[in-house]
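Trainee: Give me a model of this one.
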Amino acid sequence: MTTSNPFFDVKSQMNKALGVTGSSDTKEEEYYIIGIAIDNDQRRQELLDQLRKPSMFTTDRNREVWATLLEMNSIGMPIEKITVLRELRKNEYWQGDLDLYEGYMERGKPEVALEHAKYVYANYCVRKVKMHAKKIYNSSTASVDEVKKFLIEQMQLADELGRLLPSQEKKMKNILDDAMELMFNPKGVIPFPIHKLNVASGGMTRGHTSVVGGRTGHGKTTLLTNCADGWLKEGYKVRWYSREQSAEEMMQACILLNAGIDRIKIRKKNLSDEDKKKINSAVMRMQEDYQNLVIKDNIDNMEDTIADIVSCKEKPDIVIDDFVQLINVNNINSGKRFEIEDIFKKYHWLQKRYGFATLMASQLSRAVETRQFDNEPRLSDLAEASFIEQLSENVILMWWEYKFLIEGSTLGENQIKFIFGKTRFGKTGHKILDIDTKTGEIQ
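Mentor: Predicted coordinates for the structure are as follows:
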């Protein structure tokens, strides 16, 4: 008596969905994809973006060619048959030419290559599930953390496969009912606790990411502190991933904000008895107000971040991440832009599944430092700007002009310009907010 193999069933469905018959071997599809990627300038980027790792291909030869294409594309080298072959021959182990792919260069259709890329990706997901399952099954020493990581990866792979495989259509009545529930649910939108930010942006939507960018020392973390404080006092559950500073440092900033104490007094250890009373009073209030706050300062990678959110009993309303360029991504070797895209996509998966919104800090690229006359930040100054802009609901840039220009500034010492470079439900433009440089309060 034979039993059905769930992995085979998934592959069969994928074959049916993409119109592929016969064997599930993907070598021919890979030849097709590589031929089009070499020959077709217009569709190459789509194929490279969809298949971002050489390991998604099944043969050493195809992996070698794809790794070369990814590398050439990342550094802006012209890609054509002769240049690809020249790069490949730099490897002493490479033998032969590109004859396996030439036929597809001449007669292949880009649209078909994109469909084949979906199938190759799905096949890669299936192989990965099988490989990890076998590894865990055969391991007598697998730790709880290894099993947890495995399960999370399988959830993500299942989610990806679900987008590719054919699915049953929802009935229109169910779609309309769900749409009405979303429209009348007041918790679907989370307002910014700072009025001017909220007016300009329209707030944050659950399931989406908002990004705040700025130079070092221009108030990004101070803004996150103000937002967290306001949200907690309104009863929201906040989970904060502090990648740069310790939880104690972040909490100290919150205490000073609530106590109204000059931060310089803390640095100089110059607190009066009255200051100490204010701090004690603030801490007493915060024990009630901050009961829905969780700060994590010991997680430096996206995989553990996913595990932490998936495993926590009380799911957050808001996740604060300070900041995106400090998040490590395992097994990603295709450049920082792909790491950023991977982080945003994984956050989007978590947000959609658990219904929270994310506020994330991002650094600026060095380009802003090189402009001679206009140093005000713009969207293109964000590190890995194109992906961040594309995948964010709001992008807010902070410009503390006085810190940079001092006497040449058109704004006061205690004023920060908030530039709304992208906002889905608000208006682009800017707002001037006041900051109390002693306590860090932004109004």
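Trainee: element containing the residue positioned nearest the centre of the chain?
Mentor: Closest residue to the average C-alpha location of the chain: Phe344 at 1.8 Å, with Cα atoms, centre = their mean. In the assignment (DSSP states H and E), Phe344 maps to helix 336-354.
Trainee: Quick check: phi and psi on the residue lying closest to the residue nearest to the centre of the chain once chain neighbours are set aside?
Mentor: Nearest non-adjacent residue to Phe344, counting by Cβ to Cβ, 6 or more residues apart in numbering: Leu391, 4.2 Å away. Placement of C-beta: from N, CA and C, glycine included. The phi/psi pair for Leu391 (degrees, to the nearest 10) reads phi -100, psi 0.
Trainee: Kindly report the same for Asn414.
Mentor: According to degrees, to the nearest 10, Asn414 has phi -110, psi 30.
Trainee: where's it relative to Arg263, distance?
Mentor: 14 Å (Cβ to Cβ, to the nearest Å).
Trainee: Could you do Ser246 as well?
Mentor: 16 Å.
Trainee: who has more neighbours, the two?
Mentor: Arg263 (15 against 12; other Cβ atoms under 10 Å).
Trainee: so what's Glu30 up against?
Mentor: Neighbour list for Glu30: Phe57, Thr58, Thr59, Asn62, His116, Val120 [criterion: Cβ atoms under 8 Å, 6 or more residues apart in numbering].
Trainee: List buried residues within the residues you listed.
Mentor: Phe57, Thr58, Asn62, His116, Val120 (16 or more other Cβ atoms under 10 Å).
Trainee: mind listing what the top strand by length along the chain pairs with, with the direction of each?
Mentor: For the chain, the strand that runs over the most residues, judged by DSSP state E, is strand 415-423. With DSSP bridges as the test, strand 415-423 is paired with strand 394-399 (antiparallel), strand 429-434 (antiparallel).
Trainee: quick one: average pLDDT of the last one?
Mentor: Averaging the model's pLDDT scores along strand 429-434 yields 94.
Trainee: How about it, which residues are buried there?
Mentor: Lys431, Leu433.
Trainee: For it, output the C-alpha coordinates as PDB.
Mentor: Provided in PDB are the C-alpha atoms of strand 429-434 (Å, rounded to 0.1, in the frame of the first residue of the first chain):
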ATOM      1  CA  GLY A 429       5.500  68.200   2.000                       C
ATOM      2  CA  HIS A 430       7.000  69.200   5.300                       C
ATOM      3  CA  LYS A 431       6.100  70.200   8.900                       C
ATOM      4  CA  ILE A 432       8.200  72.100  11.400                       C
ATOM      5  CA  LEU A 433       8.200  70.600  14.900                       C
ATOM      6  CA  ASP A 434       9.700  71.900  18.100                       C
END
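Trainee: who touches it?
Mentor: Contacts of strand 429-434 (Cβ under 8 Å, 6+ apart): 194, 196-197, 199-200, 411, 414-420, 442-443.
Trainee: Filter the residues you listed down to just the buried residues.
Mentor: Ile194, Leu197, Ala200, Gln415, Ile416, Lys417, Phe418, Ile419, Phe420, Ile442.
Trainee: Which parts of this protein are strands?
Mentor: So, for the chain - with DSSP E - the strands run 189-190, 204-205, 209-214, 238-242, 293-296, 318-322, 357-362, 394-399, 415-423, 429-434.
Trainee: Let me have those strands in CSV, extended by distance to Leu224.
Mentor: As requested, these are exported to CSV (distance: least, Cβ to Cβ, whole Å):
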stretch, distance to Leu224
strand 189-190, 14
strand 204-205, 13
strand 209-214, 7
strand 238-242, 8
strand 293-296, 11
strand 318-322, 5
strand 357-362, 6
strand 394-399, 11
strand 415-423, 13
strand 429-434, 14
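Trainee: To Glu92, which of those strands lies closest?
Mentor: With Cβ to Cβ, the closest approach to Glu92 among the strands of the chain belongs to strand 357-362: 41.4 Å.
Trainee: Listing partners with orientation, what would you give for that closest one?
Mentor: strand 209-214 (parallel), strand 318-322 (parallel).
Trainee: what angle do the last one and strand 238-242 make?
Mentor: Think strand 318-322. Taking axes from the mean of the first three to the mean of the last three Cα atoms, to 10 degrees, one finds strand 318-322 and strand 238-242 inclined to each other by 10 degrees.
Trainee: which residues are contacting strand 318-322?
Mentor: Contacts of strand 318-322 (Cβ under 8 Å, 6+ apart): 190, 204, 220-221, 224, 227-228, 231, 236-245, 305, 309, 327, 347, 351, 356-361.
Trainee: try it again with 6 Å
Mentor: For strand 318-322, the external contacting residues (Cβ atoms under 6 Å, 6 or more residues apart in numbering) are 221, 224, 228, 231, 236, 238-243, 356-361.
Trainee: PyMOL command for the buried members of the residues you listed?
Mentor: To isolate the buried ones among those in PyMOL, judged by 16+ other Cβ under 10 Å, type:
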select buried, resi 221+224+228+231+236+238+239+240+241+242+243+356+357+358+359+360+361
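Trainee: wait, what's in contact with the residue nearest to Asp342 when sequence neighbours are not counted?
Mentor: Nearest non-adjacent residue to Asp342, counting by Cβ to Cβ, 6+ apart: Val329, 5.3 Å away. Going by Cβ under 6 Å, 6+ apart, Val329 touches Met302, Glu339, Asp342.
Trainee: Equivalent analysis for Ala117, please.
Mentor: Ile33, Leu47, Gln50, Leu51.
Trainee: filter these to the buried ones?
Mentor: By 16+ other Cβ under 10 Å, these give Ile33, Leu47, Leu51 as buried.
Trainee: Stretch 435-443: which residues count as buried?
Mentor: Neighbour-count burial for stretch 435-443 [16+ other Cβ under 10 Å]: Ile435, Thr437, Thr439, Gly440, Glu441, Ile442.
Trainee: For that stretch, list the C-alpha coordinates in CSV.
Mentor: Extracted C-alpha coordinates of stretch 435-443, given in CSV (Å, rounded to 0.1, in the frame of the first residue of the first chain):
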residue,chain,number,x,y,z
ILE,A,435,12.1,69.8,20.2
ASP,A,436,13.0,70.4,23.8
THR,A,437,16.7,69.7,23.6
LYS,A,438,16.9,69.2,27.4
THR,A,439,14.2,66.5,27.7
GLY,A,440,13.9,65.2,24.2
GLU,A,441,10.2,66.0,23.9
ILE,A,442,9.0,66.7,20.3
GLN,A,443,5.8,68.7,19.7
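Trainee: I appreciate the help and will end here.
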